[in-house]
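Asker: Show me how the following folds:
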Amino acid sequence: MELLCPPDIFQEGKIREELGEDKDRLINKLKLLKEWIQYNSYLPQGYDETILTTFLRGCKHDLEKTKKKIQTYFIACCTNSEFLGNRIGSLNDDMKATEFISAVMMPRLTPEGYRVIIIKLTDSNVDRFDLVKTYRYISRIADIKVHEDTLIAGEVFVIDASLATTEILAKFLSNTTKKAISLALDMYPVRIKSIHVISSIPFIQNILIVLKTVIKDKLIKRFYFHKSVDKLCDFVPLKCLPGDYGGPQRPLKEINEDWKGKVVGFREKYLQMGGEMRLNGPVPHEFKKVSGDVETEFGVQGSFRKLNLD
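Answerer: Numbering: from 1, shown residues only. Presented below is the predicted three-dimensional model:
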């Protein structure tokens with residue numbers, strides 16, 4: 001069974017129409033991107049060229065935006081040790097995140113061509129919940145997406161925090177989350193259409209007060225909060241959901257096992273690309289922030305504004 005089903009003919013047409021894509025335009029811009037990367041010789045040269053198509057489409061064929069996104073992606077992969085470093089050597093440690101979260105991309109696209117991504121907290125023990133491991137593991141899935149999920153119109157995220165406690169929420173509202181979200185939005189070619197948060201915690205919507213510091217208002221307006229999974233099918237096509245969410249797909253736990261295997265197997269891709277990505281020269285000053293230096297990125301060492309969680 002395919003982990004990522006490609007679009008059907010109808011979906012493909014919808015996707016290309018939304019992206020304003022035609023074959024000649026795509027070929028021409030891919031050629032320009034390859035030449036630009038060769039010219040900027042400090043960037044890694046041993047990359048999989050498939051990702052250029054993903055970045056172009058994720059930036060809706062805006063060439064300058066694509067260049068900036070690719071620069072950020074390459075530089076972050078090479079310099080951000082906190083979330084992206086030592087991809088080969090840290091695999092076993094990063095996989096420990098699967099002891100308390102599930103993270104999958106659902107196989108079938110929505111009619112519009114959107115990929116549904118589900119991230120679920122599976123353990124309510126706050127002492128087991130590790131933010132850095134969580135973000136490192138999710139970034140590995142994002143790497144797979146960049147390489148293999150090349151023709152989509154956007155993403156729909158489902159964050160299942162049904163098991164979250166106030167202690168876990170407080171742990172989530174940290175500078176680590178701020179850095180991780182900011183970096184992810186800067187480096188990955190995502191077109192987020194909606195984010196659905198499932199939680200019965202009364203003040204869960206207060207996270208938006210915090211997220212406004214790193215997320216644009218346009219994206220803030222795409223958040224939806226649900227007290228249970230029952231209402232999810234009003235927003236996400238049933239055919240795209242796991243069996244335990246009311247859909248026809250396999251249970252999330254089974255799909256998650258496949259994705260764990262996929263993440264482990266993707267180690268070979270890193271090896272094919274020469275192990276860890278390396279820059280071939282100094283990083284331009286405007287990209288220094290992606291190294292993960294909090295003081296550089298946010299002006300001062302600090303954390304989120306504290307919320308009253310009582």
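Asker: How much space separates the spatially most central residue of the chain from L208?
Answerer: The chain has A142 as the residue nearest its centroid, 4.7 Å off, counting by CA atoms, centre = their mean. Distance of A142 to L208, given as CB to CB, to the nearest Å: 22 Å. Just so you know, the C-beta spots here come from the backbone N, C-alpha and C atoms, and that holds for glycine as well.
Asker: secondary structure class for the closest residue to V283 other than its chain neighbours?
Answerer: Leaving aside its sequence neighbours, V283 sits nearest to I75 (CB to CB, 6 or more residues apart in numbering; 5.5 Å). Secondary structure state of I75, per DSSP: H, G, I helix; E, B strand; the rest coil, is helix.
Asker: How about E112?
Answerer: The assignment at E112 comes out as coil when based on three-state DSSP.
Asker: what do you get for V156?
Answerer: Recorded secondary structure, V156: strand (three-state DSSP).
Asker: Show me the shaky parts of the stretch 201-310 of the chain.
Answerer: Applying pLDDT under 70 to the stretch 201-310 of the chain flags the ranges 273-277, 285-310.
Asker: residues contacting T53?
Answerer: Counting by CB atoms under 8 Å, 6 or more residues apart in numbering, T53 makes contact with L26, L30, T150.
Asker: Where does it sit, in terms of helix or strand?
Answerer: helix 50-58 (DSSP states H and E).
Asker: Can you mark which positions in that helix are buried?
Answerer: By neighbour count on 16 or more other CB atoms under 10 Å, the buried set for helix 50-58 is I51, L52, T53, T54, F55, L56, R57, G58.
Asker: Among these, which one lies nearest to I15?
Answerer: R57 (8.1 Å; CB to CB).
Asker: Helices of the stretch 101-250 of the chain, residue ranges please.
Answerer: Along the stretch 101-250 of the chain, the segments classed as helices by DSSP state H, counting those that start in this stretch run 131-148, 166-172, 175-187, 207-211, 217-220.
Asker: Understood, closing this out.
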